[in-house]
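A.B. asks: 3D model of this:
(one chain, ligands or ions: 2)
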Amino acid sequence: MSSASPTTQPEVSVPAAAAGGGRPRVLSGIQPTADSFHFGNYLGALRQWVDLQIDYQPFFFIADMHAITVDYDPLVLRERTLRAAAQLLAMGVDPERASIFVQSQVPAHAQGAWVLQCLTGVGEARRMTQFKDKSAKGGEGSASVGLLTYPILQAADILLYRPYYVPVGADQRQHLELTRDLAQRFNSRYKKTFRLPEPYILKATGKIGDLQEPTAKMSKSASSPSGIIEMLDEPTLSAKKIRSAVTDSGSEIRFDPEEKPGVSNLLTIYSALTQRSVPDLEEEYTGKGYGDFKKDLAEVVIDFVTPFRDRTLELLADQAYLSEILRQGRERANEVAEATLRDVYQRVGFVAADLGKGPASIG
Ligand code: AMP
Ligand code: TRP
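C.D. replies: Numbers count the residues shown, from 1 in each chain. Ligands and ions are numbered 1, 2, ... in the order given. You can find the predicted model right below:
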């Protein structure tokens, strides 16, 4: 089997939850920059959020501060933030287990980011490929400084919670590497404060392709509407998009990302949604055509998105419930993040606001 074969194994081994004591933490975030999550978000990252909440203590947040690093509309941002919260609940994030919160409501993220910015080289920040990609259109000169420091805020988001794992898609790998570098730098310059988190990226679904251009990732900013499956779209529309997804030359249904990127991407989606292995699906479709295969997958997609969409719409109609969940999440997040920030501030030499509580001497 080639190394590109899908596997449901993460690239890191998952230790059993810590014996006794609290469960080890996981943390991740998603930007509220679209009306709906898409299949790339879900299969690449969010589904792992749901899975990990069993053995880990999760902190999941909506990265509204990251969302203002590019042009946006404030009214739309507010609406999308709530939509994101509703979708997380609808897909199975359990507010009894997980703290779900809005990034801007936990001030320690911005405060921690400032300290980390002072440890990051301008050249180091400029080398991030996401910054290069996003600033390429208008030129670096007109990109916001926030876009440049985006990954440093992300590092603060993560490090403040001292998580074991950060479940994300493959496009976030470089930001996770920077996060680890900054953690190490802080720990060696001051005192061991941060845990070095591991990215939790699934080989099989870490990069879901665009349905029309399968070698490119499905992306809310770059994909054409027919290339992206929005989780909240009318299910029949999503089914239609699957049926008109590009397939490759030949007629065989075979997992081969080099020769058959379109079919392989559909097999990945099919396998992820049904928990059936790719070889099993290949066998089932031996001798059948692309048409049958896509028709069946379209049905699978309808069955999957319909209850998700209904549940999200239901939750969106109950804003009092949503804001209560976000309030609880914010409280738990603030507690953890502030405690770490206090250590950070003390170690960098800031005078404690309450001198009676903190050490007033050097050392
Ligand atoms: P974003 O919408 O950029 O905030 O991304 C949210 C999460 O979805 C991140 O963990 C991304 O890495 C992940 N993600 C976005 N697009 C894809 C994709 N096409 N395939 C896999 N993961 C993705
Ligand atoms: N940059 C991430 C993305 O685009 C979103 C994000 C912000 C994030 N802060 C984070 C993800 C912290 C994981 C951990 O998907």
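A.B. asks: From residue 209, how far off is the residue in the stretch 1-150 of the chain that ligand 1 sits nearest to?
C.D. replies: Ranked by Cβ to the nearest ligand atom, the top residue of the stretch 1-150 of the chain for proximity to ligand 1 is residue 44, at 2.0 Å. The C-beta positions use only the backbone N, C-alpha and C, and glycine is treated the same way. Residue 44 is 11 Å from residue 209, where distance means Cβ to Cβ, to the nearest Å.
A.B. asks: Give the burial count for the residue of the stretch 1-150 of the chain closest to ligand 1, as a bare number.
C.D. replies: 26 (other Cβ atoms under 10 Å).
A.B. asks: show me the contacts for it.
C.D. replies: 168-170, 202, 205-208 (Cβ atoms under 8 Å, 6 or more residues apart in numbering).
A.B. asks: Which entries within those residues meet the buried criterion?
C.D. replies: 168-170, 202, 205-208 (16 or more other Cβ atoms under 10 Å).
A.B. asks: From those residues, pick the one nearest residue 176.
C.D. replies: residue 168 (7.0 Å; Cβ to Cβ).
A.B. asks: Correct me if wrong: the closest one contacts residue 179.
C.D. replies: No. Counting by Cβ atoms under 8 Å, residue 168 does not reach residue 179; the two are 10.7 Å apart.
A.B. asks: among the contacts of residue 44, which are within reach of ligand 1?
C.D. replies: 168-169, 206-208 (Cβ under 6 Å from any ligand atom).
A.B. asks: Ligand 1: which of those residues is nearest?
C.D. replies: Using Cβ to the nearest ligand atom, the ones next to ligand 1 among the contacts of residue 44 come closest to ligand 1 at residue 169, 2.3 Å.
A.B. asks: Look up the closest residue to the closest one, ignoring the ones flanking it.
C.D. replies: residue 44 (3.3 Å; Cβ to Cβ, 6 or more residues apart in numbering).
A.B. asks: Next: residue 341.
C.D. replies: residue 108 (4.3 Å).
A.B. asks: okay, the one you found: pLDDT?
C.D. replies: Predicted confidence (pLDDT) for residue 108: 98.
A.B. asks: ok, now which ones touch it?
C.D. replies: For residue 108, counting by Cβ under 8 Å, 6+ apart, the contacting residues are 156, 160, 334, 337-338, 340-341.
A.B. asks: Return the closest of the residues you listed with respect to residue 83.
C.D. replies: Looking across the contacts of residue 108 and measuring by Cβ to Cβ, the closest to residue 83 is residue 334, at 23.3 Å.
A.B. asks: Can you show me the helices along the stretch 101-250 of the chain?
C.D. replies: For the stretch 101-250 of the chain, applying DSSP state H, counting those that start in this stretch gives helices covering 108-117, 122-126, 129-136, 145-159, 173-189, 235-243.
A.B. asks: any idea which of those helices is most buried?
C.D. replies: Comparing the helices of the stretch 101-250 of the chain by mean neighbour count (mean count of other Cβ atoms under 10 Å), helix 145-159 ranks first with a mean of 23.
A.B. asks: gap between that helix and the chain center?
C.D. replies: The gap between where helix 145-159 is centred and where its chain is centred comes out at 14 Å by Cα atoms, centre = their mean, to the nearest Å.
A.B. asks: pLDDT on that helix, on average?
C.D. replies: For helix 145-159, the per-residue pLDDT averages 98.
A.B. asks: Now for residue 241: which residues touch it?
C.D. replies: 211, 226-229.
A.B. asks: Show me which of those are buried.
C.D. replies: Counted by 16+ other Cβ under 10 Å, those give 211, 227-229 as buried.
A.B. asks: who in the stretch 51-200 of the chain is up against ligand 1?
C.D. replies: Counting by Cβ under 6 Å from any ligand atom, the residues of the stretch 51-200 of the chain near ligand 1 are 168-169, 171-172.
A.B. asks: Kindly reformat the buried ones among the contacts of residue 44 as CSV containing pLDDT and distance to residue 140.
C.D. replies: Shown next, in CSV, are the buried ones among the contacts of residue 44 (pLDDT from 0 to 100; distance: Cβ to Cβ, whole Å):
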residue, pLDDT, distance to residue 140
168, 98, 25
169, 97, 25
170, 97, 25
202, 97, 33
205, 97, 32
206, 97, 28
207, 97, 26
208, 98, 29
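A.B. asks: where does the stretch 1-150 of the chain have low pLDDT?
C.D. replies: 1-21 (pLDDT under 70).
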